[in-house]
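K.L.:
need a 3D model of the following:
(one chain, ligands or ions: 1)
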Amino acid sequence: MKNWAGNYSYRAAQAITPQSVSHVQELVAQHDRVHALGSRHSFTDVADTSGALILLDQLPAQISVNASTASVTVSAGVRYAELARELHRQGWALEAMASLPHISVAGAIATGTHGSGDRTGTLSSAVCAVELVGPDGQLRTLTRADADFAGSVVTAGTLGVLVRLELDIVPTYEIRQDVYLNLGWKAVFDNFDALTSAAYSVSMFTNWDAAGVYQTWLKGKYDTAPSDLLGAAPASSTQHMLVGGSIDGVTQQLGEPGPWHERLPHFRASHNPSRGEELQSEYLLPREHALAGIDAMRSLAKHMAPVIQTAEIRTMRSDDHWLSSAYGHDTVGFHFTWLRDPAGVYAVLPAMEKALLPLGARPHWGKCFVAQREQLAPLYPRWDEFLALRSRVDPEGKFANEWTQRVFG
Ligand SMILES: Cc1cc2nc3c(=O)[nH]c(=O)nc-3n(C[C@H](O)[C@H](O)[C@H](O)COP(=O)(O)OP(=O)(O)OC[C@H]3O[C@@H](n4cnc5c(N)ncnc54)[C@H](O)[C@@H]3O)c2cc1C
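P.N.:
Alright, predicted model coming up:
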């Protein structure tokens, strides 16, 4: 079995698809080594194990809205597309979505997945409770009131198998999406804050070269959109962010308002998101270092040129999850879509990390990076507390794998 990008073959001795939560509990208790696997959209061995992989997509899907608490309880294997459709049907919405709605709720949250928006939190920041199966097979529920909660949400599956989550919801809303073409670097540097706050959610696409930001996607709650974005003109036809990408797969643009879940993701739930022939990396910096980070990436444009398909600049609000990329500060993310050329990609990452890690950049847990424990630990103020929590919850390392060995030791 391979991941979505096809660059990684899981090495687990077996993959099991339980049909009930009690079956998940039995499986976790029985095996020496286990790990949960979501919809396989990560790009590395993060979800793998030498023992049993547990896939939750056959568990009965639960999506229960509680209007009095403005929250939804959702089973872990449900994908965002399905959750979003049902929430919208009942008059509710999520604050944020990632570019791809095909990903599982638990897998996305476990890796700190996010969308974009100065005032929008990562997907994990919407979590108000988690229900997970610990190494002894026992079900535990943690809510925001629990001391361990903030360490138990973004965990890359290292504290147990999530079976249900409760998420904050908001009343449903409409979004329009407009794409602007060709924004020069000077306009970006002179107006960075104005640009990222120009809409509810903003994404800037670049290859870091002299062409600057070749597309800026504004996703707004307003009725009208600017006729000119600091000199960038609105596109008069639907755009894909990748050269040659099929516009059938991208969400409605050209300013036509529609439901939040059909505009916030870049890709339509009904289509295969892209050619799949890609790898991804992402580094998330304290927002105050955004321009220094952009400068650093521009100076490496030639270095990346052989493998880059596009890069995307996004922002997000600070949160308090210990291993979240936005822990403690408003954040800017530099996402990279690479060619599916592992050797070429892993050859460029060290120079990028050498430039970005000193600016406080944290790698996306679900994407490709090379930094290991020594470089990562100083980037997370609550790192040691997370390690202590992990030792306490999983002293035998039932949820450990080669990825956790590199990252946590
Ligand atoms: C085309 C594409 C677009 C993307 N766009 C974005 C984006 O816009 N923003 C962004 O931040 N990321 C993005 N990603 C990255 C993606 O969101 C993450 O890789 C995410 O982890 C995928 O979820 P998954 O269910 O496929 O997880 P998997 O790859 O299956 O697993 C990832 C991790 O989650 C853990 N996990 C899964 N299920 C559970 C569970 N039930 N209990 C405990 N742990 C669990 C696994 O153990 C593993 O550690 C994108 C990826 C792709 C392929």
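K.L.:
do you know how far residue 80 is from residue 71?
P.N.:
As judged by Cβ to Cβ, to the nearest Å, residue 80 and residue 71 stand 16 Å apart. (C-beta placed from N, C-alpha, C; glycine too.)
K.L.:
the two: who's more crowded?
P.N.:
Comparing residue 80 with residue 71 by other Cβ atoms under 10 Å, the one with more neighbours is residue 80, at 26 against 20.
K.L.:
so the more buried one makes contact with residue 103?
P.N.:
Yes: using Cβ atoms under 8 Å, residue 80 is in contact with residue 103, at 5.9 Å.
K.L.:
got the contact list for the residue nearest the centre of the chain?
P.N.:
Centroid-nearest residue in the chain, with Cα atoms, centre = their mean: residue 113, separated by 1.9 Å. Applying Cβ atoms under 8 Å, 6 or more residues apart in numbering, we find residue 113 in contact with 98, 103, 122, 123, 124, 364, 366.
K.L.:
can you pick the most crowded of those residues?
P.N.:
Result: residue 122 is most packed of these (other Cβ under 10 Å), 30 neighbours.
K.L.:
wait, doesn't it sit right on residue 112?
P.N.:
Yes: contact criterion Cβ under 8 Å: residue 122 and residue 112 qualify, at 5.8 Å.
K.L.:
any shared contact partners between the two?
P.N.:
With Cβ under 8 Å, 6+ apart as the test, residue 122 and residue 112 both reach 321, 324, 325, 326.
K.L.:
now render those as a markdown table, adding distance to the ligand, pLDDT and secondary structure.
P.N.:
Output for the shared contacts of residue 122 and residue 112, formatted as a markdown table (distance: Cβ to the nearest ligand atom, whole Å; pLDDT from 0 to 100; DSSP: H, G, I helix; E, B strand; the rest coil):
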| residue | distance to the ligand | pLDDT | secondary structure |
| --- | --- | --- | --- |
| 321 | 13 | 98 | coil |
| 324 | 11 | 98 | coil |
| 325 | 8 | 97 | coil |
| 326 | 11 | 98 | coil |
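K.L.:
which of these are buried? Put it as a PyMOL command.
P.N.:
Listed next is the PyMOL selection for buried residues among these, using 16 or more other Cβ atoms under 10 Å:
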select buried, resi 321+324+325+326
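K.L.:
farthest pair in the shared contacts of residue 122 and residue 112?
P.N.:
The most widely separated members of those are 321 and 325, with 9.3 Å between them, by Cβ to Cβ.
K.L.:
tell me, what's touching those two both at once?
P.N.:
112, 122.
K.L.:
ok, now how distant is the residue nearest to the centre of the chain from residue 369?
P.N.:
15 Å.
K.L.:
quick one, helices of the stretch 1-150 of the chain?
P.N.:
Assigned by DSSP state H, counting those that start in this stretch, the helices in the stretch 1-150 of the chain fall at 21-30, 80-89, 105-110.
K.L.:
any idea how many residues pack against the residue in the stretch 101-250 of the chain positioned nearest to the ligand?
P.N.:
Nearest residue of the stretch 101-250 of the chain to the ligand: residue 107, at 2.0 Å (Cβ to the nearest ligand atom). Residue neighbour count, defined by other Cβ under 10 Å, stands at 26 for residue 107.
K.L.:
which residues touch the closest residue to it other than its chain neighbours?
P.N.:
Excluding the flanking residues, the one nearest residue 107 by Cβ to Cβ, 6 or more residues apart in numbering is residue 38, at 2.4 Å. Contact analysis of residue 38 by Cβ under 8 Å, 6+ apart lists 47, 56, 76, 77, 103, 104, 106, 107, 108, 110.
K.L.:
for those, give me TSV that also has pLDDT.
P.N.:
Listed next are those as TSV, based on pLDDT from 0 to 100:
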residue	pLDDT
47	98
56	96
76	98
77	97
103	97
104	98
106	98
107	98
108	98
110	98
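K.L.:
can you pick the most crowded of those?
P.N.:
Neighbour max across the contacts of residue 38 (other Cβ under 10 Å) = residue 110, 29 neighbours.
K.L.:
the ligand contacts on the stretch 101-250 of the chain?
P.N.:
103-104, 106-108, 110-111, 113-114, 156-157, 161-162 (Cβ under 6 Å from any ligand atom).
K.L.:
could you look up the SS state of the residue in the stretch 301-409 of the chain positioned nearest to the ligand?
P.N.:
Using Cβ to the nearest ligand atom, residue 366 is the residue of the stretch 301-409 of the chain that sits closest to the ligand, at 2.7 Å. Here residue 366 is recorded as coil under DSSP: H, G, I helix; E, B strand; the rest coil.
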